[in-house]
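Asks: sequence first, then the predicted structure, then my questions.
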Amino acid sequence: MAIYPIRVFPDPVLRTGTSPVTDFGPDLRRLADDMLETMYAAPGVGLAAPQIGISRQVFVADIGDGPFAMVNPEIIEISGKWKFEEGCLSVPGRWWEFARPAFARARGFDLDGNPVEYAGDELMGRLLQHEIDHLSGLLLLDRLPRRMRKEALREIRESAQPGAI
Ligand code: NI
């Protein structure tokens, strides 16, 4: 197992998008184990492969019911609306309260290539939407209401260390 450095906005790998996984072998399991270790160490409740620089459709998560992974996931149902203070390991130390659909259902595969579905509202619904966004190169910043997004980008820009690259 290994802990990867977490890529931070505006790292372009977070924006690149991802390719589907086609090989459900031991490398995929190793990747998921490393991602879980990285996520727990951060600590966070979800981590998508682009956040460690890997442009593949995989995320791992644990919102308190134990770890799970989804491969090639897609959102197939959303409903309702829920305000929540959401953060992201790739935009560290910041949280924004905003609304997304409360309920989400996602379909994909487990690490062995078996079809799986996960669904839930509140934190689970939010997590599924957030992680699957990562796989499309989207960040929570893109989901903020326009004015909040403008302010968030300004704050991030102003807090950047002079000379940091
Ligand atoms: Ni995130």
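Replies: Perfect, thanks for sending it. Residues are numbered from 1 along each chain as shown.

Asks: hey, let's count contacts and neighbours off CA atoms from now on
Replies: Will do.

Asks: what's the offset of stretch 14-22 from the middle of its chain?
Replies: In terms of Cα atoms, centre = their mean, to the nearest Å, the centre of stretch 14-22 is set 12 Å apart from its chain centre.

Asks: residues making contact with that stretch?
Replies: Contacts of stretch 14-22 with the rest of the structure, by Cα atoms under 8 Å, 6 or more residues apart in numbering, involve 7-8, 50-51, 53, 55-58, 71-72, 134-139.

Asks: what lines up beside the longest strand along the chain in the sheet?
Replies: Looking across the chain with DSSP state E, the single longest strand is strand 68-79. Note on strand 68-79: by DSSP bridges, its sheet partners are strand 58-61 (antiparallel), strand 103-109 (antiparallel).

Asks: for the shortest one, buried residues please.
Replies: Residues V58, F59, V60, A61 are the ones in strand 58-61 that count as buried (16 or more other Cα atoms under 10 Å).

Asks: make sure the second one is actually in contact with V71.
Replies: So that's F59. Yes. Contact criterion Cα atoms under 8 Å: F59 and V71 qualify, at 6.8 Å.

Asks: who touches the residue nearest the centre of the chain in this structure?
Replies: Central residue of the chain (Cα atoms, centre = their mean): E131, 2.9 Å from the mean position. For E131, the contact set (Cα under 8 Å, 6+ apart) comprises G46, L47, A48, F59.

Asks: show the buried residues in those residues.
Replies: So, by 16+ other Cα under 10 Å, the buried ones in those are G46, L47, A48, F59.

Asks: who does the last one bridge with?
Replies: For F59, the beta-bridge partners under DSSP bridges are A48, M70.

Asks: what about it, distance to I156?
Replies: Between F59 and I156 the computed distance is 25 Å (Cα to Cα, to the nearest Å).

Asks: swap in V13?
Replies: To I156, V13 is 18 Å away according to Cα to Cα.

Asks: for L141, same thing?
Replies: In terms of Cα to Cα, L141 sits 11 Å off from I156.
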